[in-house]
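# pasting the structure only:
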């Protein structure tokens, strides 16, 4: 993926060298976009092939929405992030039957994590500390909505995202 990204960025830079950012900046931004698209498309293809397209979309959307407000740990490489994200978002729709009777406890755990630990932004995100309370409130509201919606898919997606917020605690910013 990195090689493809680099080739695209080189073409963009060649087409308009004065009006574009540095190759490094464009490579970083484009790699985030392409990796996200790869995760979405691959997960949705798996969901479609297994008859769980709608549920896979819901898992992806739920994870991404909560992650935007709550933050969370990043894996060391884009490849590992792609593999883990695709695996989790493709697996969630297939295991919801295991937790259907426990959705209340899963929602409570996720809510507790959001209350105590969110947001836990990546150091590179450079989110102003003034936004932390708002991000925490958004995270709490999102998780709380599942008490009303009562979706096993959303509950599992939020549970997985909750684990990324509490790990690792040693890099937590001062609030």
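Structure received. For clarity, every value in this text was computed on a predicted model and none was experimentally measured.
# for the rest of this, base every contact and every neighbour count on C-alpha atoms.
OK.
# if I pick residue 151, what's in contact with it?
Shown in contact with residue 151 (Cα atoms under 8 Å, 6 or more residues apart in numbering): residue 103.
# got phi/psi on it?
Backbone geometry at residue 151, expressed as degrees, to the nearest 10, gives phi -100, psi 130.
# swap in residue 19?
phi -100, psi 0.
# can you check the one 4 residues further on too?
Main-chain dihedrals, residue 23, degrees, to the nearest 10: phi -60, psi -40.
# which residue is the nearest non-sequential neighbour of it?
Closest residue to residue 23 apart from its sequence neighbours, by Cα to Cα, 6 or more residues apart in numbering: residue 9 at 6.4 Å.
# for residue 120, same thing?
Nearest residue to residue 120 in three dimensions, chain neighbours excluded: residue 71, at 4.9 Å (Cα to Cα, 6+ apart).
# what about the one you found, how many residues nearby?
Using other Cα atoms under 10 Å, residue 71 has 24 neighbouring residues.
# look at it and report its pLDDT.
Listed pLDDT for residue 71 reads 92.
# my guess is it meets residue 166, correct?
No. Contact criterion Cα atoms under 8 Å: residue 71 and residue 166 do not qualify, at 9.9 Å.
# what do the two both touch?
residue 120.
# pLDDT weak spots in this structure?
168-175 (pLDDT under 70).
# pull the number of nearby residues for the nearest residue to residue 72 once chain neighbours are set aside.
Using Cα to Cα, 6+ apart and skipping residues adjacent in sequence, the residue nearest residue 72 is residue 165, 4.1 Å away. Neighbourhood size, residue 165 [other Cα under 10 Å]: 26.
# contacts for the helix or strand hosting residue 165?
Per DSSP states H and E, residue 165 falls inside helix 152-166. By Cα under 8 Å, 6+ apart, the residues outside helix 152-166 that reach it are 55, 58-60, 62-63, 66-67, 70-73, 89, 92-93, 96-97, 99-100, 103, 106-107, 109-110, 113-114, 117-120, 143, 146.
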